[in-house]
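> Any chance you can model this:
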Amino acid sequence: MSQYEFHVSAKARKKYRFDEALFGLNGTVIAADFAAARRFAAQMGQGRGQPVPASEINAMGLIDEVLHLLSVISPVADDLAVVAPALLPAGLHELLGDLGIRTLSVDGAEFETLGCNVLAVRPGVVVLAAGNPRTASALSAAGCEVHTFDASEIGVNGSGGPTCLTRPILRDAM
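Now for the predicted structure:
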């Protein structure tokens, strides 16, 4: 099992009486293996008065890792994705090509300002952090409708880009 980490609020840490030594300064817990997830689940179960499956704790770490992947690749249309090529696993890059998915590469400077973290509100209509003119231009040239927002306070400071600041929703096909 890989090592996973995710945030636990101060309120929850206090409620379940977790050992603060398990957490970083920002409230991130690290489950280094499934045994650690079991211990964490057992402590949480005691606080809730009912068992908490360790698999749910492990799943939280997996979900967190998947969300971080969106900082490396952002699907923006059925045949188009924005990628950070230096961080994209070679096998995934090859798979995208095999599937006929075009990629728009984000350079290092625009990666730092969340240029690769692009939210598709529907295929070809995207939200991008302002300050990424090369990425915005490439998206527009690829036929996307690009909307930007000022992410200097809420995003670039480490809170995340548009995909990190939203949650997936179920929507019917249009």
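
> can you tell me which residues contact the residue in the chain sticking out farthest from the centre?
Distance from the centre of the chain peaks at Gly49, with 31.6 Å (CA atoms, centre = their mean). Listed by CB atoms under 8 Å, 6 or more residues apart in numbering, the contact set of Gly49 is empty. C-beta coordinates here come from the backbone N, C-alpha and C atoms, glycine included.

> Please report how far it lies from Gly27.
Per CB to CB, to the nearest Å, Gly49 is found 23 Å from Gly27.

> How many residues are close by the closest residue to Ala10 other than its chain neighbours?
Spatial nearest neighbour of Ala10, chain neighbours left out: Gly27 (6.3 Å); criterion: CB to CB, 6 or more residues apart in numbering. Using other CB atoms under 10 Å, the number of residues around Gly27 comes to 14.

> Would you mind splitting the protein into its domains for me?
Split into domains by automatic domain parsing, the chain comes to 4-69, 73-149.

> Pull the distance from the shortest one to the chain's centre.
In this case it means domain 4-69. Counting by CA atoms, centre = their mean, to the nearest Å, domain 4-69 is centred 18 Å from the centre of its parent chain.

> picking up where we left off before, and the residue nearest to Ala10, what pLDDT?
pLDDT, Gly27: 71.

> Contact partners for it?
Listed by CB under 8 Å, 6+ apart, the contact set of Gly27 reads 7-10, 13.

> min pLDDT across these, which one?
For those, the weakest pLDDT value sits at His7, with 72.

> Hmm, it is touching Phe23, no?
No. If you go by CB atoms under 8 Å, His7 and Phe23 don't touch, sitting 9.0 Å apart.
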